[in-house]
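**Q** from the sequence below, what's the structure:
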Amino acid sequence: MSATYYIGVDGSGPSRAALRWGVRRAAERKAAVVLVNTVDDEWGLVGRDAAADAERQARDLLLEESARVADLQTGVPLTTRIVHGGTAWALAKLPSPEDLLIVGTHKTGFLRGRVLGSRSVQIASAARCSVAIVPDTTLDSRHDVVVGVDGSDGCLSAVRMGAQEADRLDQDLLLVYAPPGLPRSESSRTESGEERSPQTARLMQNAAAVAASTASRITVRRRVAHRDPAEALLDASFDAALLILGVSARHGETTLIGSVTHDVLMNINVPVLIARGVAASSDAPSYASTASV
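**A** Numbers count the residues shown, from 1 in each chain. Presented below is the predicted three-dimensional model:
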């Protein structure tokens, strides 16, 4: 079954940035698109007229955003949905695990963004599928796909997806690893593949092997950064076309985002794809011998 792209729309600038990004990507993947707007059930507590007005505004908004999709002339199959409840949770529970949920976010990193960016964190945490968070910023002239490597099984899905995206975009793939708590005296050569720590070298070699087995024609580069992991990822992806992060099932059977992903989303400067998918296949290199971060 092919994935469906669910795009949350609310008429804001970030929402429309997410719409453009999602529709163009769906056209390349020949995926169907569903535009979704939420109506908070609390309007019903105010009164029947208020609830009816909120529903009417949602329908009008979806008509307007559907016209924007038509203006892009991509020819994607398009439907619309109105869902009820809190925005984050209503959006998160709608797609199936194989689908992609796309939402916009205000460019964050400042006090204002600390509040506005929190909803994307809630959505990324609650969703069962992969989630793309698109900032309201210029995306032209960006290059390369960056993937955060941390040694977990969830990272394998991110590396595979990163290789596929780099192949699709005809860009290099940059694998970034920031060892936690590692003293600066244990340095490594940036992007050389000659990391001095055997454990770090093995982790990066395995990740590069997964990428090469997924898309053999791409160029894979590696970077080990001895700094805060979120800062390292944001710095490496400053001019990137896409940053991809995985999620881990260490918390029981759920796949929750960790503190690094949380910090990246709160200071986002590039489209971020949170990859949820099947872990390593039986013939893929394993991270079992490496430490999880």
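
**Q** okay, the closest residue to residue 214 other than its chain neighbours and residue 175: tell me how far apart.
**A** Among residues not flanking residue 214 along the chain, residue 163 sits closest, at 3.9 Å (C-beta to C-beta, 6 or more residues apart in numbering). No exception for glycine: its C-beta is placed from N, CA and C like everyone else's. For residue 163, the distance to residue 175 (C-beta to C-beta, to the nearest Å) stands at 10 Å.

**Q** give the residues shared as contacts by these two.
**A** With contacts taken as C-beta atoms under 8 Å, 6 or more residues apart in numbering, the residues that reach both residue 163 and residue 175 are 211, 220.

**Q** can you tell me the element the residue nearest to residue 214 falls in?
**A** Element membership of residue 163, judged by DSSP states H and E, is helix 153-169.

**Q** sheet-wise, list the partners of whatever helix or strand comes next after that helix with their directions.
**A** For helix 153-169, the succeeding helix or strand toward the C-terminus, using DSSP H and E, is strand 173-177. With DSSP bridges as the test, strand 173-177 is paired with strand 145-148 (parallel), strand 220-224 (parallel).

**Q** show me where this protein has strands.
**A** According to DSSP state E, the chain carries its strands in the segments 4-8, 32-39, 78-84, 100-105, 130-135, 145-148, 173-177, 220-224, 242-246, 272-275.

**Q** off-centre distance for the first one?
**A** Translated: strand 4-8. Counting by C-alpha atoms, centre = their mean, to the nearest Å, strand 4-8 is centred 13 Å from the centre of its parent chain.

**Q** pLDDT (mean, whole number) over that strand?
**A** When pLDDT is averaged over strand 4-8, the result is 96.

**Q** does anything pack onto that strand? Which helices or strands?
**A** Where contact means 3 or more C-beta pairs under 8 Å, 6 or more residues apart in numbering; DSSP states H and E, strand 4-8 is packed against helix 13-29, strand 32-39, helix 87-92, strand 100-105.

**Q** measure stretch 140-148 end to end?
**A** Using C-alpha to C-alpha, to the nearest Å, the end-to-end distance of stretch 140-148 comes to 22 Å.

**Q** what of stretch 161-175?
**A** 12 Å.

**Q** hmm, back to that, most tightly packed of the helices and strands packed on strand 4-8?
**A** Mean neighbours per residue, mean count of other C-beta atoms under 10 Å, is largest over the helices and strands packed on strand 4-8 for strand 100-105, with a mean of 27.

**Q** how is this structure divided into domains?
**A** Listed by automatic domain parsing, the domain ranges of the chain are 4-135, 145-275.

**Q** winner for burial among those domains?
**A** Stretch with highest mean neighbour count among these: domain 145-275 (a mean of 20; mean count of other C-beta under 10 Å).

**Q** and that one, how far from the chain's centre?
**A** Its chain's C-alpha centre and that of domain 145-275 lie 13 Å apart, by C-alpha atoms, centre = their mean.

**Q** average pLDDT across it?
**A** 84.

**Q** could you name the helices and strands sitting against the longest helix belonging to the chain?
**A** Assignment by DSSP state H gives helix 48-71 as the longest helix of the chain. Applying 3+ C-beta pairs under 8 Å, 6+ apart, one finds that helix 48-71 contacts helix 13-29, strand 32-39, helix 43-46, strand 78-84.

**Q** among those, which is nearest residue 127?
**A** Taking C-beta to C-beta, strand 32-39 is the member of those nearest to residue 127, at 12.5 Å.

**Q** can you list the strands that the closest one pairs with?
**A** Strand 32-39 is paired, per DSSP bridges, with strand 4-8 (parallel), strand 78-84 (parallel).

**Q** returning to that earlier point: which one, of the helices and strands packed on strand 4-8, ends up nearest to residue 128?
**A** The closest of these to residue 128 is helix 87-92. By C-beta to C-beta, the value is 7.5 Å.

**Q** what helices and strands are in contact with the closest one?
**A** Using 3+ C-beta pairs under 8 Å, 6+ apart: helix 87-92 touches strand 4-8, strand 32-39, strand 78-84, strand 100-105, helix 118-126.

**Q** now residue 233: how far from residue 100?
**A** As judged by C-beta to C-beta, residue 233 and residue 100 stand 21 Å apart.

**Q** what's the answer for residue 8, then?
**A** On the measure of C-beta to C-beta, residue 8 and residue 100 end up 12 Å apart.
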